[in-house]
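Got a predicted structure here, sequence first:
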Protein chains: 2
Amino acid sequence: MKKLKEEEAQKIIEQLWFRHTDNTIIAVLQDYMTKDVLMVGHMNKEAVFRTLTSGYVHFWSLSRKKLWLKGETSGHYQLVKDFKIDCDGDAMVFLVESVGPVCHTGNRTCFYRSSTDLIK
Amino acid sequence: MKKLKEEEAQKIIEQLWFRHTDNTIIAVLQDYMTKDVLMVGHMNKEAVFRTLTSGYVHFWSLSRKKLWLKGETSGHYQLVKDFKIDCDGDAMVFLVESVGPVCHTGNRTCFYRSSTDLIK
């Protein structure tokens, strides 16, 4: 698991552009082994800070308007192995090790609906 | 390249929740071969429709407030090979074949800044 020092996390946060709803960036979770995209969520400054310093993915919930440690109720934590920032700093990719399914439906990924399922 | 009929595209659009800025969903582009995440953008209803029926990725530009065929000026089109929808319908993953670099910086992916570059 990757954990940063507070000053390293601040340095990352300075590179970010919190331009999306509720002053957030977009966070894409990608399985560090299979490279499957598991989930897309939003992070405000505090969620990024906590994610980087604890090594556990935290989100800002747009629906509930609160900070949210992914797995806090389900136990399905997302452990950060590595991360990347995009060119304009409004999105990050987190390579994660997923404890159990990511999706609240019980599926391994939130992107379990494929084109063939959807247009048959 | 994957191209849908108009009625198939409408069926997909009915599954989506355009909840983000300017009535959009989040679109993650992923290389269909390497599975690298290449870019994150937004799509409104028309951008999704045009993407699915033409097989070329279209976005809604949040900055320019206009529809945008990715590659229209650079020639770096993104050809849709397949796609997925997430559990609540506010995000899609597009597996693409990328003609040239995706990023306006000339990098293959917009996520070219890695954690090791950023905190050294």
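Received, thanks. Numbers count the residues shown, from 1 in each chain, chains lettered A, B, ... in the order given.

residues in contact with the closest residue to A:Pro101 other than its chain neighbours?
The spatially closest residue to A:Pro101, leaving aside those adjacent along the chain, is A:Arg108, at 5.2 Å (Cβ to Cβ, 6 or more residues apart in numbering or on different chains). (C-beta placed from N, C-alpha, C; glycine too.) By Cβ atoms under 8 Å, 6 or more residues apart in numbering or on different chains, the residues touching A:Arg108 are A:Asp36, A:Leu38, A:Ser98, A:Pro101, A:Val102.

Now the two most distant members of those residues.
In the contacts of A:Arg108, two members sit farther apart than any others by Cβ to Cβ. They are A:Asp36 and A:Pro101, at 12.1 Å.

residues making contact with stretch A:54-72?
Judged by Cβ under 8 Å, 6+ apart, the contacts made with stretch A:54-72 from elsewhere in the structure are A:1-3, A:21-22, A:24, A:27, A:29, A:41-44, A:46-47, A:50-51, A:76-80, A:94, A:96, A:99, B:19.

Near A:Ser54, how many other residues are there?
17 (other Cβ atoms under 10 Å in any protein chain shown).

mind checking how far stretch A:83-93 is from the chain centre?
Relative to its parent chain, stretch A:83-93 has a centroid offset of 12 Å by Cα atoms, centre = their mean, to the nearest Å.

what comes up buried for it?
Neighbour-count burial for stretch A:83-93, counted by 16 or more other Cβ atoms under 10 Å in any protein chain shown, picks out A:Phe83, A:Lys84, A:Ile85, A:Asp86, A:Cys87, A:Gly89, A:Asp90, A:Ala91, A:Met92, A:Val93.

neighbours around A:Gly75, how many?
Counted by other Cβ under 10 Å, the residues lying close to A:Gly75 total 8.

Revised request: answer the last question for A:Lys3.
So A:Lys3, with other Cβ under 10 Å, has 14 neighbours.

hang on, the earlier thing: going by distance to chain B, which of the contacts of A:Arg108 wins?
Chain B has its nearest neighbour among the contacts of A:Arg108 in A:Asp36, at 7.4 Å by Cβ to the nearest Cβ.
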